[in-house]
Structures are given as C-alpha cells and as structure tokens.
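Peer 1: Pasted the sequence and its predicted model underneath.
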Amino acid sequence: MSSHDNSHEDHLPEGRGGEEGGAVEPADNPFADPGLPPHEPRQQDIDERAAKRSERTVALFFTASMVATIAFIASFVALPVDKIIYVFPLGHISALNFALGLTLGIALFTIGAGAVHWARTLMSDVEIADERHPIEASPEVKAKVLDDFRQGAAESGFGRRKLARNTLFGALALVPLSGLVLLRDLGPLPQDKLRHTKWGKGKRLINQNTNEALRPEDIVVGSLTFAMPEGMSEEDHDFQTQIAKAALMLVRLQPENIKDKRELDWSHDGIVAFSKICTHVGCPINLYEQQTHHVLCPCHQSTFDLSDGGRVIFGPAGHALPQLRIGVNKDGYLEAKGDFAEPVGPAFWERG
C-alpha cells in the first residue's frame, strides 16, 4: 500500500505536493521582456493598388471636410435666425443651429477620420523600441532622432502621396474659416443705425399720450408735450428700440425769447421740437421749468436751455439736445421736415 502511494506522488505535477502541499518554484526571471511580436505586413505594404485605394479614401475624407466647411459658411449666410424646423427625434429646433452644428461636426470628424485612416493604412506600422536614455541627449542620440524623423517622414508617404497631402492642406486651410465666420455673430453691426430715427420729411407729430396728430393750437405757451413719429405703434415689436431714439418733446416759446437763429428758423410760430433723450447716458428728460425754458434730466441733473439751441448749461452731458425741424402741412398738422441733423442720445464710438 505504501509503494502504491509513493508511485502516485511521483506523478504529481512539478511544484505540487500531497495534502500538505509544497512551495511553487518561481521562474528564473518572471519580469523578462517578452520582446515584440514579428511584424506582419499590411495589404497596402505589398500591394500598391491597395495603397492607392487607401490614398483615395483619405482624400475623400479631406474633400468631404472642405465641402462641409463651405456648407457651414453658406448656412450661416443663407439661413434666417428665426427659422424653425422639425428634425426627428430632436423635435422643433433652429434650422441655423442644426445646420451649423451638423456641417462643422462633419468638417472636423472627416479631418480626424482621414488622418487616422492615413496613419493606419499608409504610414509605417513597424514598432521600434528605444532604450531609455538620460534627459540630456547625446550627439549620437540627436543624430538618431533626426534620422528616425527623416525615415518616418519618408515612410509616411507625405512627400509621395500628393493627393492625400494636398487635400489635407485644403481641409486644414478651410476649417478655420468656420471660427472666423462665427465672429460675425458676436452682435449686429451698428452700421449707421444710431444716426437715424423714424423721423422723416412729411411725418406728422403724434401726441404720445393721446395718439392724435398735433396741431399748432394744441401746444400752449409754458407746456411740455411729448410726441412720436406718425406710423409708430406700441404694438410694434421694435417700438421700445425706435422710441428710444425718436422720442420728442415740444415746447412753445415766444419767438422773441428764442436766442439761437437756427432754432428760430427750425421752429413754427414759437413751437420748438427737441430730442427727449439726454445726451449724457440716454435717460428720458421730463422736467420743464417754464420761466427759464430749461429742461432737467432726472438721472444726473444735466440741464439744457431750450431757448438757446438746447445747449448744456449744467451737469455731465457732453453736447446739446438735437433739434427737429418742424412745420405745418396743408391740413394744418405739425410735421417734420426731415430727421434729426445729428445723432440723438449719448456719444458713441463711431460718432463723427
């Protein structure tokens, strides 16, 4: 029986014992470098026709990027901001935002896809192992790095694969235009909008409180009347924007009390019309002192003399109130003879 047991233990795997067990013997070097597997060439490495197909695929990706960038710019120019479309499953969204996101995403994705496909199919995939070296490179290492770089450049096909290279240049040159175009969307261009109001030749003066056209007899000496251009309505979507420039105040003076010659020429029977918008920071003026013909801005106490061309006599305002030239039409209503001769409100960066 004992001989049978001994023979059984002789057949146990090496490093193992019976019930009491035995220690496992480690390998000589458990951390030995297994080395690199043998290199297997790709189809493109041995078949130039396959390499050409890969090059055309890369060029197709880069060309798609260029087309998407052009589509991005065209969408930005052509699509209105307020156009809403239905896209399943997103629902109702802005057509402009959807087009910009889609085209820019395609432009960036296809550049990345083309670069990855180029690297995986046309560039060399031979793995090179380098021994670690000190941070400061020796002349030999520097020379080797340069040699490796030149070898990598040659094996990448960058110089030989002209179609892929040139379409890459085109895609990289066009895609930054997307960012430049977006700068246009930082805000509306002011152009000359700040220089003009809704006033124009022949537009009647409408009482802002009653919405009735004003006649000269409606303006009495010592009163302050607020007016707006004919055709404006508080229901208009841009009413607040337009009235902020076109708000008008009317005062009737004795003609002999008007000191400024142009003010007298632009008045009608002593009725003078000035912008209601203070030239300091744009507050509405609504305080009138009839004995001195002064108006006061309640925000910062800028004071203007309506008998002397609306000039500033006190406060931080920088220039006089613009005057509107008025007259009477054939029906006896007060009307404007044109727009203000200078921009209304405070000074702005493009005011000349």
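Peer 2: Perfect, thanks for sending it.
Peer 1: Every contact and neighbour count from this point should use C-alpha atoms.
Peer 2: Fine.
Peer 1: Surely Leu224 and Glu289 touch.
Peer 2: No - in this structure, Leu224 is not within contact of Glu289 by CA atoms under 8 Å, at 9.4 Å.
Peer 1: Tell me which of those two has more neighbours.
Peer 2: Leu224 (17 against 13; other CA atoms under 10 Å).
Peer 1: now that one, nearest residue through space, not along the chain?
Peer 2: Val251 (5.2 Å; CA to CA, 6 or more residues apart in numbering).
Peer 1: Also His294?
Peer 2: Closest residue to His294 apart from its sequence neighbours, by CA to CA, 6+ apart: Asp305 at 4.6 Å.
Peer 1: separation between that neighbour and Val272?
Peer 2: 12 Å (CA to CA, to the nearest Å).
Peer 1: of these two, who's got more company?
Peer 2: The residue with more neighbours, out of Asp305 and Val272, is Val272; 26 against 20, by other CA under 10 Å.
Peer 1: and the gap between the more buried one and Ala143?
Peer 2: 87 Å.
Peer 1: how's this protein carved up into domains?
Peer 2: With automatic domain parsing as the criterion, the domains of the chain are listed as 43-122+157-186, 193-336.
Peer 1: Need the winner for burial among those.
Peer 2: Ranked by mean neighbour count under mean count of other CA atoms under 10 Å, the domains of the chain are led by domain 193-336, which reaches a mean of 18.
Peer 1: chain center to that domain, what's the gap?
Peer 2: 38 Å (CA atoms, centre = their mean, to the nearest Å).
Peer 1: for the chain, what spans make up the strands?
Peer 2: Using DSSP state E, the strands of the chain run over 84-87, 91-94, 205-207, 224-229, 248-252, 271-275, 287-289, 294-296, 303-305, 311-314, 323-324, 326-328, 334-336.
Peer 1: so which of those gets nearest Lys259?
Peer 2: strand 303-305 (10.0 Å; CA to CA).
Peer 1: So in that sheet, which strands flank that closest one, and in what orientation?
Peer 2: If you go by DSSP bridges, strand 303-305 pairs up with strand 294-296 (antiparallel), strand 311-314 (antiparallel).
Peer 1: how about Glu256, what does it touch?
Peer 2: Applying CA atoms under 8 Å, 6 or more residues apart in numbering to Glu256 gives no contacts.
Peer 1: Also Ala244?
Peer 2: Ile277.
Peer 1: residue contacts, Ile84?
Peer 2: His92, Ile93, Ser94, Ala95.
Peer 1: how does it look with 6 Å?
Peer 2: Ile93, Ser94, Ala95 (CA atoms under 6 Å, 6 or more residues apart in numbering).
Peer 1: same check, this time on Glu234
Peer 2: Glu234 neighbours (CA under 6 Å, 6+ apart): none.
Peer 1: Do you know the pLDDT at it?
Peer 2: Glu234 carries a pLDDT value of 88.
Peer 1: Check the gap between it and Asn209 for me.
Peer 2: Distance from Glu234 to Asn209, by CA to CA: 11 Å.
Peer 1: And for Phe88?
Peer 2: Distance from Phe88 to Asn209, by CA to CA: 50 Å.
Peer 1: Please apply the same query to His237.
Peer 2: For His237, the distance to Asn209 - CA to CA - is 19 Å.
Peer 1: Over to Leu168?
Peer 2: Distance, Leu168 to Asn209, using CA to CA: 66 Å.
Peer 1: related to what we said a few turns ago, can I assume the residue nearest to His294 is in contact with Leu296?
Peer 2: No - the criterion here is CA atoms under 6 Å, and Asp305 misses it with Leu296 at 9.2 Å.
Peer 1: Grab the nearest non-local neighbour of Glu212.
Peer 2: Leaving out its chain neighbours, the residue that sits closest to Glu212 by CA to CA, 6+ apart is Ile206, at 5.4 Å.
Peer 1: Read off the pLDDT value for Arg42.
Peer 2: 89.
Peer 1: measure the closest residue to it other than its chain neighbours to Gly345 for me?
Peer 2: Closest residue to Arg42 apart from its sequence neighbours, by CA to CA, 6+ apart: Thr121 at 7.6 Å. Distance, Thr121 to Gly345, using CA to CA: 66 Å.
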